[in-house]
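Visitor: sequence-free structure coming up:
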């Protein structure tokens, strides 16, 4: 067969690209910049890259596809993008659940870290070549060349392995890169070359990565992806359960699939970012430092530490102190001797990501003599939500199991914040339903901020009572299969010509999530003896937290009512904190000091928690909104 | 087929064993304690496990065997022991070249090292279990339990990986093993368990390994094997050439077959020694320290360092300083966090093994106020021979390419020092030829000490002139194919019913070997301005050096004539030095100090070397013997 080029139209995103007949639809999507979820990497196993053929002809169904889809789905034209190849020009519909791009990551926390004292430093040296009169070893001659800069230094083993060959190919002029007083990389001298650092925030659901120029602090590339561990469970507990049920994978990172998948996922992101930089003088060998943050379970799975004890009361971490692990030991595809820094964890469910998040949020208050007596609440919303309160110069933290509902999971038409997602909802006094979608495309689903808006609007328009029960006060509220539901978008207005609906179960999912967060806030305030209005600032972090309407979140009782000027939405603060630590020895020190001084409250043991949680499931009195 | 048991008789060694019909002849040899060379591990590739069927029936020839042997050899009954299975009781002849056992290793340097201050220490601790009131991480609680012994300590990454699981299976009572101030192993508490250290001497031809109890200093097991790198070349230069010709194997240990083979070989020795100890409470996890010595090329290949520069003038090492590399980085199958210590190298051809050898030989003079002004020569004879001279409290060293002739290589009937090897030869005034074989078996070949004796006797009996030319002064000297040769054993007296012969080429090989050594000795003496008779001591080390007749070596001019009471034969001094360093921090320090202070002479650049070498090829005047 000759490789004819076909045009692929991708709906509802409205992009098009051209591929050969030996390239899969998954490749088409990748070429078009449309990120389809593909956890298994395109081998037909994960069944996550579902697309629907609207028009045109594709290669025959594979065995994997026949096993994946029902007869009905096959009739509707469903295919796995990784298994299907074009036989003509094709129009495809990409269902929201197959989209993985956290497109908005790029918008967040672009600011440069304030401190700049990176632990990694580069020097260029000319090494004397050996001769009959200089029979010293290559390392001894390297030491003498470096001696004016570093009197003594350690050398990582991986450097010794390549030293002799590199010195000769580089004709004895090299760049030597030091982490503190350890030689961690040698490269041929090259005036164009850069040294880069990698900052990573591993969320339970999403992973964000940045490549930073270690000599200027500039972000050179960034990338996001789904956490590939999702294939083993959506939340932390289900992933721990997976390992408890697979004892053969425990005990060593090499057998632990959860560890391996996150490492592979990060290696893919690194490759993608290097391609984005597109500079032939910069390769993975130029990435000479890294800071990785994540909640305690993500931290442990990344580091290959045991997580089983995180699944059993009293939920203790294996390790809480800061760690430095060489990239080669982790299998991370950067300079092998680069030391990957993991900031300290606070507790089983308050991890290094929260410590990182505190650096750009609470720490500026804590460190400022004029503001250190402020009462500041910092909330990092995710599948687990961590909350810290600064009060009386003491930080107290807790963790709430808020679940993945805000990411669109467990919501019938929920989707991630990708094009076509409803992100804003308004119900006018005359019952009209207004909404706004991401990238202004026809709606295909609803993301977390849209759901929050929708519920707040439904509550204030009397379509929901304070318990979250539907009230038949709107033409779009109806009973379907004995359950009440609300038609947000009729079929003829949606991108996929299906109705977009919110159900009683959807509302309940959000009540559980917001109730957990609010109970955590209430316990922290209670322990500090504070009323909500005594808060000087409330800082909302996390990708989701950036896009929500704070007012809506207050209306449904997720946050206490506070004047909006006291609220800040700071985006991926954990990612920013990771970059601050990448560029500053002092910030690493601060992170350890903060982690030491934090008072942690384990909510599951707190006597008031279940009361507060039950109360927080309800929506608060509407009068508070005034 | 039922698995009938057959009896296998092994000639000329005279052992027998029983195996099933599904066990190979190689297994039979192993069961009988007869070490047949099997470089490839029994997969039919290395063709080194040749045996000859004398009587009985075996499984049909495999393809590998048909490719290995000539039609003539097949008719003579040759088989590969790893490919052949018995079909009846069987009598086998094992040719000397297939024997690998350095049986005599066990006899050497049994003495216990004198200093005992090992860098590894074991303590037992009870760790407080976590509870709702103690949410500290497992590592934090471990630190608090260890705090009375070590205020602060580092923890190797591999320990963190198993910490949580081990603490729980061991019910919170563990043994913690420290190297200096790093926690390198944790094991469940067990009153019977021991901690062991591994000492290894990697020779170009042979490898010797010891397992030592680190708390008593006792040798618990020892084992020897051929260096499996022999498959890639007999001497250092041919192995370096192999890597120069295989650039795809360079640059990383994982692709370097020479590195991998020595690691595999050591792992086999470790397994064998553990089996010998046969203590169920002792596994590879109990081996928590290691010292490995070898010449510079063996050191570099073991450590995965580049060796190409050792093959090109000016022959500089990649690294000369002492190294500590974790076992997991090397792939050595002992406790993963154990640090493998490699003492310093002196030059490209004087390695860590020579530094180790100096500890029990020259260092006792050097360190003794009453003897430090002695003139002491220490010679470690091997495929490369390293020589050091202590004079004026200064040590000067050099290296001679003596080749593998003393190991029996390149000698027509040469063999290693295994049963049936002629190790002593005497020619009586009435022309009778007397000889003694190892284990008093019928002679099958001649080992290094036998060759040395034979040549010395032939020279003194006027069968050789001073240039090494044969003189027809004995009935056993004859011309064969225009070359002179000497029949040492007639066919009817040998174990394999063939004549054992010494040829002009054999004599020449020994002249080259001994000439290189003597030239090295002469240059060292010349540089020090010493006459041979001014030497207070001459110490001969190395397995071969232990068994030679020193008088014969002097008669052929390998060593200068000295009163025998000034000569010592000390066996595997490098192995003893390795054990001294295993058990003593102070000895490691001394090794580095010695390596620092040694003055190295590169013979290939020395203006007098070729003169001295040419002169030393001849046999010295017989009058000197009086």
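Guide: The structure has been received and is ready for your questions. Source: prediction; values computed, not measured. Residues are numbered from 1 along each chain as shown, chains lettered A, B, ... in the order given.
Visitor: show me the helices in the stretch 1-150 of chain A, by range?
Guide: All helices of the stretch 1-150 of chain A, identified by DSSP state H, counting those that start in this stretch, fall at A:25-31, A:63-68, A:71-76, A:138-146.
Visitor: oh, I was asking about the stretch 201-350 of chain A
Guide: A:236-244, A:257-277, A:296-303, A:327-330.
Visitor: so what's the gap between the first one and the chain middle?
Guide: Read that as helix A:236-244. 19 Å (CA atoms, centre = their mean, to the nearest Å).
Visitor: same question, the second one
Guide: Here helix A:257-277 is found 13 Å from its chain centre; the criterion is CA atoms, centre = their mean.
Visitor: and if you look at the shortest one?
Guide: A distance of 22 Å separates the C-alpha centroid of helix A:327-330 from that of its chain, computed with CA atoms, centre = their mean.
Visitor: thought residue A:444 was touching residue A:414?
Guide: No - using CB atoms under 8 Å as the test, residue A:444 is too far from residue A:414 to be in contact (11.2 Å). Quick note: C-beta positions are derived from backbone N, CA and C, even for glycine.
Visitor: about what we covered before: can you redo the helices of the stretch 1-150 of chain A as CSV with mean pLDDT and mean neighbour count?
Guide: Conversion of the helices of the stretch 1-150 of chain A to CSV gives the following (pLDDT from 0 to 100; neighbours: other CB atoms under 10 Å in any protein chain shown):
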stretch, mean pLDDT, mean neighbour count
helix A:25-31, 81, 22
helix A:63-68, 86, 14
helix A:71-76, 88, 11
helix A:138-146, 97, 20
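Visitor: need the contact list for the closest residue to residue A:53 other than its chain neighbours.
Guide: Leaving out its chain neighbours, the residue that sits closest to residue A:53 by CB to CB, 6 or more residues apart in numbering or on different chains is residue A:77, at 3.9 Å. Neighbouring residues of residue A:77 by CB atoms under 8 Å, 6 or more residues apart in numbering or on different chains: A:52-54.
Visitor: and those, which is closest to residue A:581?
Guide: Closest approach between these and residue A:581, by CB to CB: residue A:52, at 44.2 Å.
Visitor: so what's the closest one up against?
Guide: Contacts of residue A:52 by CB under 8 Å, 6+ apart are A:76-79, A:92-95.
Visitor: rerun that using 6 Å as the cut-off
Guide: Listed by CB atoms under 6 Å, 6 or more residues apart in numbering or on different chains, the contact partners of residue A:52 are A:77-78, A:93.
Visitor: of the residues you listed, closest to chain B?
Guide: The nearest member of those to chain B, counting by CB to the nearest CB, is residue A:78 at 42.2 Å.
Visitor: for that closest one, which residues make a bridge with it?
Guide: residue A:52 (DSSP bridges).
Visitor: pretty sure it is touching residue A:68, no?
Guide: No - contact between residue A:78 and residue A:68 fails when scored by CB atoms under 6 Å: they sit 8.2 Å apart.
Visitor: what about the closest residue to chain B within the stretch 501-626 of chain A, distance to residue A:344?
Guide: Closest to chain B within the stretch 501-626 of chain A is residue A:605: 5.4 Å, counting by CB to the nearest CB. Distance, residue A:605 to residue A:344, by CB to CB, to the nearest Å: 22 Å.
Visitor: so which residues on the stretch 101-250 of chain A come close to chain B?
Guide: By CB under 6 Å from any CB of the partner chain, the residues of the stretch 101-250 of chain A that approach chain B are A:130-132, A:135, A:137-140, A:157, A:160-161, A:163-165.
Visitor: which members of these are the farthest-apart pair?
Guide: A:132 and A:157 (29.6 Å).
Visitor: compare the two and say which is more crowded by neighbours.
Guide: More crowded of residue A:132 and residue A:157, by other CB atoms under 10 Å in any protein chain shown: residue A:157, with 20 against 11.
Visitor: look up phi and psi at that one.
Guide: Backbone geometry at residue A:157, expressed as degrees, to the nearest 10, gives phi -50, psi -40.
Visitor: so what's it up against?
Guide: Contacts of residue A:157 (CB under 6 Å, 6+ apart): B:325, B:329.
Visitor: mind running it again at 8 Å?
Guide: Contacts of residue A:157 (CB under 8 Å, 6+ apart): A:337, B:323, B:325, B:329.
Visitor: now the last one: how far from residue B:302?
Guide: When you say that, I think you mean residue B:329. 12 Å.
Visitor: check residue A:615 too.
Guide: For residue A:615 relative to residue B:302 (CB to CB), the value is 67 Å.
Visitor: between the two, which has more neighbouring residues?
Guide: residue B:302 (26 against 14).
Visitor: so what's that one up against?
Guide: Contacts of residue B:302 (CB under 8 Å, 6+ apart): B:202, B:259, B:262-263, B:292, B:294, B:330, B:342.
Visitor: redo that, cut-off 6 Å
Guide: Residue B:302 touches B:202, B:262, counting by CB under 6 Å, 6+ apart.
Visitor: what do you get for the one 4 residues further on?
Guide: With contact set as CB under 6 Å, 6+ apart, residue B:306 has these partners: A:164-165, B:318.
Visitor: what is the burial count for residue A:288?
Guide: So residue A:288, with other CB under 10 Å, has 26 neighbours.
Visitor: isn't it right up against residue A:338?
Guide: Yes - with contact defined as CB under 6 Å, residue A:288 reaches residue A:338; the gap is 4.9 Å.
Visitor: direction included, what does the lowest-mean-pLDDT helix or strand in chain A pair against?
Guide: In chain A, the helix or strand scored least confidently by mean pLDDT, DSSP states H and E is strand A:15-20, which has a mean of 78. Its sheet considered, strand A:15-20 pairs with strand A:5-11 (antiparallel) by DSSP bridges.
Visitor: please name the bridge partners of residue A:502.
Guide: Bridge pairing for residue A:502 - DSSP bridges - gives residue A:486.
Visitor: is it true that it touches residue A:486?
Guide: Yes - contact status for residue A:502 versus residue A:486: in contact at 4.6 Å, counting by CB under 6 Å.
Visitor: neighbour count: the two, which is higher?
Guide: A count of neighbours by other CB under 10 Å puts residue A:502 above the other of residue A:502 and residue A:486, at 29 against 23.
Visitor: how far does the one helix or strand residue A:538 maps to sit from the chain's center?
Guide: Using DSSP states H and E, residue A:538 sits in strand A:537-541. Distance of strand A:537-541 from its chain centroid, counting by CA atoms, centre = their mean, is 18 Å.
Visitor: note down every partner strand of it and its orientation.
Guide: For strand A:537-541, pairing defined by DSSP bridges yields strand A:376-380 (parallel), strand A:567-571 (parallel).
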